[in-house]
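S.K.: take this sequence and fold it.
(one chain, ligands or ions: 2)
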Amino acid sequence: MSLMTGFAILVGEAMIGFWKKVHAINFGVYGATMVGKTTLSNQLRTRGEVPPINERTVGLHRATRKTVKIDGDSHTVKSADIGGEAIYWKEWVKDMQSRRVKYIIFMIDHRHLDNEANLDHQVAWKFLVDTITSNTWPTGRRKKESDYPIALGIWANKYDIWGEKYPLKEGQSIDKHEIFEPFKYGMRQLNDKGIPCFKYIVSAKSDPEMVYRGIMTMVKDY
Ligand SMILES: Nc1nc2c(ncn2[C@@H]2O[C@H](COP(=O)(O)OP(=O)(O)OP(=O)(O)O)[C@@H](O)[C@H]2O)c(=O)[nH]1
Ligand SMILES: [Mg+2]
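M.R.: Residues are numbered from 1 along each chain as shown. Ligands and ions are numbered 1, 2, ... in the order given. Prediction:
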């Protein structure tokens with residue numbers, strides 16, 4: 001390799017590194033109230049144990065940049081923290097539309113396993129799937145190709161709790177776990193629209209490695 005080629009490669013790599021730092025990938029983080037969206041947002045900024053959060057998020061907080069670094073690879077992602085109570089769901093849509101969100105994380109926890117009558121996740125999920133698969137925005141504007149996300153991840157959070165309470169059956173792979181059961185139909189609808197979905201487990205509060213790996217997997221695999 002000549003000195004010039006070596007130099008060109010170095011400059012090229014530096015430019016890619018710089019571009020990846022400046023060019024943030026838009027993530028949308030949605031899900032019912034109390035699932036851990038604010039905890040995830042803090043985890044992406046602090047990397048460590050996130051102290052318990054006692055306040056509910058009200059409305060939409062401005063999107064902020066976070067650097068995700070793992071195995072020597074690094075990406076900058078941008079996400080907004082939005083409340084999960086039903087009155088704020090219209091803010092999810094605004095967030096998706098205004099930032100052209102490329103990757104969506106739908107967070108759940110184990111409340112539907114604790115209590116069959118609790119439909120928090122199912123109702124929020126139906127709202128989200130309907131919004132994503134619709135050909136138009138609520139404003140009536142027709143969606144363009146770039147208005148659809150590249151991929152969606154269902155993140156079953158609080159694994160530190162539900163992993164012990166509802167352990168996997170012998171030989172069962174994690175994506176077959178009953179926690180994901182109610183979301184199958186919506187996943188199929190998204191797949192039919194050409195949006196791949198994947199299941200992931202995390203402890204946003206206490207396991208930064210799982211969180212960072214989850215983000216990296218979404219960006220790299222899709
Ligand atoms: N054990 C455990 N608790 C968690 C985890 N993630 C979040 N929590 C707790 O769950 C509660 C709710 O977390 P938040 O991050 O405030 O939830 P949120 O989704 O932002 O809720 P809204 O703002 O109302 O939409 C807090 O008490 C967190 O400490 C986790 O991975 N494990
Ligand atoms: Mg919150």
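
S.K.: CA only for contacts and neighbour counts going forward, please
M.R.: Will do.

S.K.: residues in contact with the closest residue to residue 198 other than its chain neighbours?
M.R.: Nearest non-adjacent residue to residue 198, counting by Cα to Cα, 6 or more residues apart in numbering: residue 153, 4.9 Å away. Residues in contact with residue 153, defined by Cα atoms under 8 Å, 6 or more residues apart in numbering, are 103-106, 197-200, 218.

S.K.: among these, which ones are buried?
M.R.: 103-106, 197, 199-200, 218 (16 or more other Cα atoms under 10 Å).

S.K.: take these and keep only those in strands.
M.R.: 103-106, 197, 199-200 (DSSP state E).

S.K.: dead centre of this structure: give me the residue that sits there.
M.R.: Geometric centre of the chain, nearest residue: residue 105, 2.1 Å, by Cα atoms, centre = their mean.

S.K.: test my guess that that one contacts residue 27.
M.R.: Yes: the criterion here is Cα atoms under 8 Å, and residue 105 meets it with residue 27 at 7.4 Å.

S.K.: buried ones in the host helix or strand of residue 209?
M.R.: Element membership of residue 209, judged by DSSP states H and E, is helix 208-221. The neighbour-count check on helix 208-221 (16+ other Cα under 10 Å) flags 208, 211-216, 218-219 as buried.

S.K.: turn those into CSV, including pLDDT.
M.R.: What follows is the buried residues of helix 208-221, written out as CSV (pLDDT from 0 to 100):
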residue, pLDDT
208, 94
211, 96
212, 95
213, 95
214, 95
215, 95
216, 94
218, 93
219, 91
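
S.K.: let me see the contact set for residue 63.
M.R.: 78-81.

S.K.: for it, give its distance to ligand 1.
M.R.: 14 Å (Cα to the nearest ligand atom, to the nearest Å).
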